[in-house]
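K.L.:
Just to be clear, the model below is a prediction. Sequence and coordinates:
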Amino acid sequence: MAKIYIGIDGGGTHSTAVAVCPDGRVAAVVGGGGLNFLNDGIPIVRERLYDMIRRLTEASGGAEVESVCVGFSALDGPADEKTVSAFASDELPASRLHFQSDAYVALMGLTQGEPGVIVICGTGSMLLMADEHGNQTVSGGWGYLLNDAGSGYTLAREAMLAVIDQADGMGPETVLTRDAMAHFNLTRPRALIDVVYAPDFTPDKQASFARFVLTRAAEGEPVAYEILRRNMDRLARLTARLMEKSENVRLAGLYGGIFGHSELAKTLFSEALQRERGEVRIASPEYPPELGAVIHLMKKHGGLSESALSLMKETYKSIN
């Protein structure tokens, strides 16, 4: 019977799963619900996980699942035995389940198992490094209430603070005030209070204002530019401190919506990291996180090769 590896990027609200044959050919891709078991609970997430696995198996002609790797948004590193056991079944015993963080599978999409660090900037932010021995080290990612430098939430919060400073006569005028009034449908700046303290004002709603920071910074608006520069500088310093822990790590990858939507963010980060660390290669992942999860499995099983990677990239584009 044909066999497949299954890799899953398990997001908080949406997940993407892929089935890959041992030679690297992508057999099927499916989507599914969020896999954050800290928010939704293990029973619900387990059901969503197995639903995707079954659909992939069917789409792959009933192939046998060799092993599954999931990058969970709920994890900061490899899952403990208790967590893995809670998802195991007669169909898939714990020995065939590999649970990592979503940052780790994104990193594998960058490094294909070699040493490197990935800097993730979306609604939140965090950094993950894997050294030449596969040891993982996390930096940042303290959450929106503490410190997620460079994240959409943080950029938006600092922009809103700039709006407040202008209103209170403590800061310079900024076009971000006009943007905030329009974006949040306000008639006056102090109405921000009602918006921010409303029960339904979630972190992603605040993070949505970050796009104005990116746009205005690219236009050269001083306040927005300084907010972005300051955050990219902090991210670069965090990256440099992380890379100092392993002299063999010379590759840094940029991933997430902030870098995806802002060339200026990438430039500011890259320039700051080069000042901190000198010769560092900065790139974006060649493979999406779900394929990064498969790369982890293939490397673990000794089946990762240049031909498999090439076929994986080619067939994923044609099927997705």
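P.N.:
Arrived safely.

K.L.:
okay, which residue is most central for this protein?
P.N.:
Ile120 (4.9 Å; C-alpha atoms, centre = their mean).

K.L.:
ok so that residue is a strand residue?
P.N.:
Yes - under DSSP: H, G, I helix; E, B strand; the rest coil, Ile120 falls within a strand.

K.L.:
Who is it paired with across the strands?
P.N.:
Met126, Tyr255 (DSSP bridges).

K.L.:
One more: Ser67?
P.N.:
Tyr5.

K.L.:
Can you verify my assumption that it contacts Pro93?
P.N.:
No - judged on C-beta atoms under 8 Å, Ser67 makes no contact with Pro93 at a distance of 10.2 Å. Bear in mind the C-beta positions are built from the backbone N, C-alpha and C, glycine included.

K.L.:
what about the two, which has more around it?
P.N.:
Ser67 (20 against 11; other C-beta atoms under 10 Å).

K.L.:
what sits against the more buried one?
P.N.:
Ser67 is in contact with 5-6, 96-98, 297, 300-301, counting by C-beta atoms under 8 Å, 6 or more residues apart in numbering.

K.L.:
any idea how far the closest residue to Gly61 other than its chain neighbours is from Arg157?
P.N.:
Residue nearest to Gly61 in three dimensions, not counting chain neighbours: Ala2, with 6.8 Å by C-beta to C-beta, 6 or more residues apart in numbering. Note on Ala2: its distance to Arg157, by C-beta to C-beta, to the nearest Å, is 50 Å.

K.L.:
Among the two, which residue is more densely surrounded?
P.N.:
Arg157 (20 against 12).

K.L.:
who's in contact with the more buried one?
P.N.:
Gln206.

K.L.:
I'd like to know which elements the lengthiest helix in the chain is packed against.
P.N.:
Under DSSP state H, the helix in the chain containing the largest number of residues is helix 222-243. If contacts are counted by 3 or more C-beta pairs under 8 Å, 6 or more residues apart in numbering; DSSP states H and E, helix 222-243 sits against strand 116-121, strand 125-130, strand 136-139, helix 152-167, helix 175-183, helix 210-219, helix 263-277.

K.L.:
Helix, strand or coil: sort out Gly253 for me.
P.N.:
strand.
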